[in-house]
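S.K.: With the sequence up front, the predicted model follows.
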Protein chains: 8
Amino acid sequence: MSLNVYLSGEIHTDWRAEIMAACDGLDVTFDAPVTDHGASDDCGVAIMGAEPDKFWHDNKGAKLNAIRTRKGIAEADVVVVRFGEKYRQWNAAFDAGYAAALGKSVIVMHGPDHQHALKEVDAAALAVTETPQQVAQILRYVLTGALPG
Amino acid sequence: MSLNVYLSGEIHTDWRAEIMAACDGLDVTFDAPVTDHGASDDCGVAIMGAEPDKFWHDNKGAKLNAIRTRKGIAEADVVVVRFGEKYRQWNAAFDAGYAAALGKSVIVMHGPDHQHALKEVDAAALAVTETPQQVAQILRYVLTGALPG
Amino acid sequence: MSLNVYLSGEIHTDWRAEIMAACDGLDVTFDAPVTDHGASDDCGVAIMGAEPDKFWHDNKGAKLNAIRTRKGIAEADVVVVRFGEKYRQWNAAFDAGYAAALGKSVIVMHGPDHQHALKEVDAAALAVTETPQQVAQILRYVLTGALPG
Amino acid sequence: MSLNVYLSGEIHTDWRAEIMAACDGLDVTFDAPVTDHGASDDCGVAIMGAEPDKFWHDNKGAKLNAIRTRKGIAEADVVVVRFGEKYRQWNAAFDAGYAAALGKSVIVMHGPDHQHALKEVDAAALAVTETPQQVAQILRYVLTGALPG
Amino acid sequence: MSLNVYLSGEIHTDWRAEIMAACDGLDVTFDAPVTDHGASDDCGVAIMGAEPDKFWHDNKGAKLNAIRTRKGIAEADVVVVRFGEKYRQWNAAFDAGYAAALGKSVIVMHGPDHQHALKEVDAAALAVTETPQQVAQILRYVLTGALPG
Amino acid sequence: MSLNVYLSGEIHTDWRAEIMAACDGLDVTFDAPVTDHGASDDCGVAIMGAEPDKFWHDNKGAKLNAIRTRKGIAEADVVVVRFGEKYRQWNAAFDAGYAAALGKSVIVMHGPDHQHALKEVDAAALAVTETPQQVAQILRYVLTGALPG
Amino acid sequence: MSLNVYLSGEIHTDWRAEIMAACDGLDVTFDAPVTDHGASDDCGVAIMGAEPDKFWHDNKGAKLNAIRTRKGIAEADVVVVRFGEKYRQWNAAFDAGYAAALGKSVIVMHGPDHQHALKEVDAAALAVTETPQQVAQILRYVLTGALPG
Amino acid sequence: MSLNVYLSGEIHTDWRAEIMAACDGLDVTFDAPVTDHGASDDCGVAIMGAEPDKFWHDNKGAKLNAIRTRKGIAEADVVVVRFGEKYRQWNAAFDAGYAAALGKSVIVMHGPDHQHALKEVDAAALAVTETPQQVAQILRYVLTGALPG
């Protein structure tokens, strides 16, 4: 068994790298959105021309990013959605809903402060975690049956 | 033509009633989540027994509410998602993603302050609005071809 | 909102009638398998001719019953699966898996003795209950937002 | 032609190894659940933290195992479901229903004692067998056209 | 429970009328192809203009009939396919395959002479019958639980 | 049998009215896009605010119209696509492709001048017609088996 | 581009070998049913035990063969269905219907004698041919754009 | 991440080659229709025999080409649709609708003259471009996150 895993959500800490490092040796393929905040915001106008209205500036970019996100989620067996400490992160919740509707196995990762606000997202998940290590342990268990320690 | 419309999102203002009133005479059926905040939070334990751990208290309730939400979105032709001024509202974004993945026509409603943070949600929508009147005008146009004024 | 509910599983107690009675006044349509044990076992040979081999006797009947079961589950918004005290009840677990794969909202009903053995079935459900009253309270809450008491 | 085969059900005898050995040389890929009973029961709490309530202990574990089961069944061309002599084995019947609803080719394996109780599961299968050798002979025939003896 | 039943196949005997008569009082809706052989053969050219080549004459007609057949099968819960004594009846077998691929409950009706030649069709069915009475008894049992006699 | 028919394409002649009149007495429900050219072009900005850039002016309107088009095609059994004498009519061809991908029965209506240019669209259709009378005759035949004259 | 092609139907002439030979050098993978008539008829009882009743003898075998047929059609881009001079060949027509319902590209191959009887099958096909060479020329054209001669 | 890209539409300029050249080094697989205009028009009759009627001449060819088009779009993650300066190009719009209905990410490419006439197609796209370089930049960004210059 091998797994395709899409790592959605927060882009300001190195949680993706931590999961990947902790999955060393496993038969997992990881995908993720573009995590360069500036490029992600401006990609649409950079390629297809400037927009004076911020709404359309953002709209052009968000649609380009959607090409990658849709592909990543559609190909994934497991979608990990990380909610960080900052920002609204509505796109993370959107991805979680999108993945749930497609029947993907969803793993949510967030701190205890967000527990109540994320209860609907957590209820659609097969695992609710707090750390990259837990996510990696889950992927290792799913693939090999091995538990930590 | 008739439309089933699911009204997702913010539950602390009367935007649903405003849309419904402004759609008077149209062949529209509206559904919505339970909008009694207390009942929505406690429904799981009220029916299936108390949980000492808040996580499971919330989990039991969120799953009950999911029975209604899934049905409402699955039956909908149009899903309207309202983001208000307060709270995280991750469940609204989750519903938007869920509806988008099912190919539903999504209408988003939010104020200009949330424009940048909601760009991915807006990019998946067929209309981005600010007021209940605009949503009602859209439904009226879709059903009858009549424009305001 | 209205609900189609399929009542799967145990056929030797009157739990179905209890749920229906407790849902009086709600916009719910109930379906269920044929609950006459003898008719359910012998329907195939009674209509299409006797079989000397018990396997084919059962096979003919099980396939006829599948016409009804498939229709009932396919049309359902909610599938309630009851595990009773007696018998293997593998068909109940089969129906639960079938319903889960179709994305139906599953409610399981069983006593505490079966908790560990049913953990995979319970994990696929949106609600785990013990009594017909709880099931009816869930349906009432989903449809009206009203909680017991 | 090659086949992906998921081996679901009983985990206390070596039937999986017997099938695999008897399929030597065939273009078959096998998957299966985690068959370490203890790990399978405790994986959830081992990774995501202890639960005082046995229901949630089991729930956390069953959901982790579901990540593997769903992937295995979704990728399978053929799902073999083995019912052994002991335990309730409701998860085996659940997997059979899940696989049937997805249109997978189901092969059931059980002794004659369970014939009547498994009639609904058998009726959804393309083959009902008693031994690992029969399963392997079926896979060999499907892939090569060769019959035993 | 109600049933939509599509009656496919042989058009030269009155088996459809016999089934309908024997289902008197049941909540069943029947559909069927156009059973006027001449109209069915010539409908395409009668409406859209003559074709000198018999292949295109037939092609135009077969496509018109497909509008009705597809609709009838798509809406059906149960597809009954009757193989008579005469003609090739490949369209009956085609309909059976089409219905099976859509997951419809298939009931086949044919005499014992065709048993071996129809084994693949029979193997995809939930019931194999010989008479209209048996089909009606099946529909009655599925809807009401009542067995003949 | 009843039919839902979506009438897509050209909006400058009265072909829709002719079909509807000629289907008098049949169990057909017709849907169509908004056929007021001005309203169709300007609906987006009329409801959601002016756009200085013509591209976004059109984009807002086209998305609103898509709510109606998607619903109409999704509910249709038959999609009739009319190509007239004037304009590019790419939206008509787009609707034809959209309908074909969903497995809808497509009827195309156009004059002989467009035959070569529409060969891919015609090849995806179950009927190619030139007049509203032919479309109505097809619908009448499909529903009743009656041929003209 | 590469193609998976399933070769369904007549098993008493070497048409499959002719197509494969004529496709030499193309990126095509061919699958087909078991073409050993005896093995195909007896596979069920040879592996799972004798049946005194011919119906069940055939039923067991037809179901085993269905494992291969379903896999072959599900994986195919193109399904070629050959109708020969002899036998009823209802399984060929069944496969054609099955493939059509799944949206596969169907190529039919038969002599002119069967033209009228196969009009419904031909109407569901993207190509109607008479010889293995024509089928191979089609596959070559689809993959490379090269036409014969 | 890798991408399958189908290049649909205009066949009289070298835009496909320009995109492919500009994507050098990226993990992209390109497919396209047969771009030899003569072969594309005549393939049907060249292989399956002449037709005196131009409609059927075209019909035979268009269906052969549909085998390739359907496969190309079905396998694609991204469908690029180019509208050139000449011809009706209804097949391009048809492909765009087909791709949109399957949920593919659509990129449209056309000059400013066609903006209004293509508004419905553009509204279904995730990107609207004018040059092959823009398309290549989008694919590069989606795969690597790198923006031009």
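M.R.: That came through, no problem.
S.K.: Pull the one helix or strand A:Ile107 maps to out as PDB, backbone CA atoms only.
M.R.: Using DSSP states H and E, A:Ile107 maps to strand A:105-109. Only the C-alpha atoms of strand A:105-109 are listed here, as PDB (Å, rounded to 0.1, in the frame of the first residue of the first chain):
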ATOM      1  CA  SER A 105      -9.900  10.500   4.600                       C
ATOM      2  CA  VAL A 106      -9.400  13.800   6.500                       C
ATOM      3  CA  ILE A 107      -6.900  14.400   9.300                       C
ATOM      4  CA  VAL A 108      -7.200  17.700  11.100                       C
ATOM      5  CA  MET A 109      -4.300  19.300  13.000                       C
END
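S.K.: can you tell me if that strand touches chain B.
M.R.: No: Strand A:105-109 lies apart from chain B when judged by CB under 8 Å from any CB of the partner chain; the minimum separation is 10.3 Å. The way it works is simple: take the backbone N, C-alpha and C, and place the C-beta from them, glycine included.
S.K.: Hmm, A:Leu102 is touching A:Ile73, no?
M.R.: Yes: between A:Leu102 and A:Ile73 there is a contact under CB atoms under 8 Å: 6.8 Å.
S.K.: Can you pull the residues of chain A lying near chain H?
M.R.: Residues of chain A lying close to chain H (CB under 8 Å from any CB) are A:31, A:34-36, A:39, A:42-44, A:46-48, A:60, A:63-64, A:66-68, A:70-72.
S.K.: Weed out the non-buried ones from the residues you listed.
M.R.: The neighbour count (16 or more other CB atoms under 10 Å in any protein chain shown) marks A:31, A:34, A:39, A:42-44, A:46-48, A:60, A:63-64, A:66-68, A:70-72 as buried among these.
S.K.: Look up how far chain E lies from A:His57.
M.R.: With the distance defined as CB to the nearest CB, to the nearest Å, A:His57 ends up 45 Å from chain E.
S.K.: Tell me the helices and strands packed up against the helix or strand where that residue lies.
M.R.: Assigned by DSSP H and E, A:His57 falls within helix A:54-75. For helix A:54-75, the packing partners by 3 or more CB pairs under 8 Å, 6 or more residues apart in numbering or on different chains; DSSP states H and E come out as strand A:3-9, strand A:28-31, helix A:37-48, helix A:90-101, helix B:119-123, strand H:105-109, strand H:127-129, helix H:132-144.
S.K.: got the angle between that helix and helix H:132-144?
M.R.: Interaxial angle, helix A:54-75 versus helix H:132-144 (axes from the mean of the first three to the mean of the last three CA atoms, to 10 degrees): 60 degrees.
S.K.: close to chain B, is the helix or strand just after helix A:54-75?
M.R.: Per DSSP H and E, the first helix or strand lying C-terminal to helix A:54-75 is strand A:78-82. No: shown here: strand A:78-82 not in contact with chain B (CB under 8 Å from any CB), separated by at least 9.8 Å.
S.K.: any residue of strand A:78-82 up close to chain D?
M.R.: Yes: for strand A:78-82, a contact with chain D is found by CB under 8 Å from any CB, at A:Val78.
S.K.: Name the strands paired with that strand and say parallel or antiparallel.
M.R.: Take DSSP bridges as the rule and strand A:78-82 pairs in its sheet with strand A:3-9 (parallel), strand A:105-109 (parallel).
S.K.: From the rest of the structure, what touches that strand?
M.R.: Outside strand A:78-82, the residues within contact range by CB atoms under 8 Å, 6 or more residues apart in numbering or on different chains are A:3-10, A:15, A:19, A:73, A:92-93, A:95-96, A:99, A:104-110, A:121, A:125, A:135, A:139, A:142, D:67.
S.K.: Return the set of buried residues in it.
M.R.: Using 16+ other CB under 10 Å as the test for burial, strand A:78-82 gives A:78-82.
S.K.: same check, this time on stretch A:136-149
M.R.: Across stretch A:136-149, burial judged by 16+ other CB under 10 Å covers A:136-143, A:145, A:147.
S.K.: Also stretch A:80-91?
M.R.: The neighbour-count criterion (16+ other CB under 10 Å) identifies A:80-84, A:88-91 as the buried residues of stretch A:80-91.
S.K.: Specify the angle between the helix holding A:His57 and helix A:37-48 in degrees.
M.R.: For helix A:54-75 against helix A:37-48, the angle by the same axes, to 10 degrees is 110 degrees.
S.K.: Measure how far helix A:54-75 is from the centre of its chain, please.
M.R.: Mean-position distance between helix A:54-75 and its chain equals 14 Å (CA atoms, centre = their mean, to the nearest Å).
S.K.: Same check on stretch A:124-135?
M.R.: The answer for stretch A:124-135 is 12 Å, by CA atoms, centre = their mean.
S.K.: what's the answer for stretch A:136-149, then?
M.R.: Counting by CA atoms, centre = their mean, stretch A:136-149 comes out at 20 Å from the chain centroid.
S.K.: Using CSV, write down the CA coordinates of it.
M.R.: Presented in CSV, the C-alpha positions along stretch A:136-149 are these (Å, rounded to 0.1, in the frame of the first residue of the first chain):
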residue,chain,number,x,y,z
ALA,A,136,3.4,11.0,10.7
GLN,A,137,2.7,8.3,13.3
ILE,A,138,-0.8,7.9,11.8
LEU,A,139,0.6,7.6,8.3
ARG,A,140,3.2,5.1,9.5
TYR,A,141,0.6,3.0,11.3
VAL,A,142,-1.8,3.0,8.3
LEU,A,143,1.0,1.9,6.0
THR,A,144,2.9,-0.6,8.2
GLY,A,145,0.9,-1.3,11.3
ALA,A,146,3.7,0.0,13.4
LEU,A,147,2.9,2.1,16.5
PRO,A,148,5.2,4.6,18.2
GLY,A,149,7.4,3.6,21.0
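S.K.: tell me the mean pLDDT over it?
M.R.: For stretch A:136-149, the mean per-residue pLDDT is 97.
S.K.: what do you get for stretch A:62-79?
M.R.: Mean predicted lDDT for stretch A:62-79 stands at 98.
S.K.: so which residue of chain A comes closest to chain B?
M.R.: Proximity to chain B, evaluated over chain A using CB to the nearest CB, is greatest for A:Gly97 at 2.9 Å.
S.K.: Now do the residue lying farthest from the centre of chain A, the pLDDT please.
M.R.: Within chain A, A:Pro52 marks the point farthest from the mean C-alpha position, 30.5 Å out by CA atoms, centre = their mean. We have a pLDDT of 98 for A:Pro52.
S.K.: picking up where we left off before, G:Glu130: which of the buried residues of stretch A:136-149 is nearest?
M.R.: G:Glu130 lies nearest to A:Leu143 out of the buried residues of stretch A:136-149, by CB to CB, at 51.8 Å.
S.K.: about what we covered before: when A:Leu102 and A:Ile73 are compared, which one has more neighbours?
M.R.: A:Ile73 (21 against 17; other CB atoms under 10 Å in any protein chain shown).
S.K.: so what pLDDT did the closest residue to A:Thr69 other than its chain neighbours get?
M.R.: Spatially, and ignoring its direct neighbours in sequence, A:Thr69 is nearest to A:Pro33 (5.9 Å; CB to CB, 6 or more residues apart in numbering or on different chains). A:Pro33 is assigned 98 on the pLDDT scale.
S.K.: which residues sit in contact with whichever residue of chain A sits closest to chain C?
M.R.: Chain A approaches chain C most closely through A:Gly103 (7.0 Å), counting by CB to the nearest CB. Applying CB under 8 Å, 6+ apart to A:Gly103 gives the contacts C:103, D:70.
S.K.: ok, it to C:Leu126 distance?
M.R.: Look at A:Gly103 and C:Leu126: by CB to CB, to the nearest Å, they are 15 Å apart.
S.K.: how distant is stretch A:87-98 from the center of its chain?
M.R.: 9 Å.
S.K.: So what touches it?
M.R.: By CB under 8 Å, 6+ apart, stretch A:87-98 touches A:8-10, A:69, A:73, A:79, A:81-83, A:106, A:108, A:118, A:121, A:124-125, B:83, B:88-101, B:114, B:117-121, B:124.
S.K.: repeat that for 7 Å
M.R.: The contact list for stretch A:87-98, computed with CB atoms under 7 Å, 6 or more residues apart in numbering or on different chains, reads A:8-10, A:69, A:73, A:79, A:81-83, A:106, A:108, A:121, A:124, B:90, B:93-98, B:100-101, B:117-118, B:120-121.
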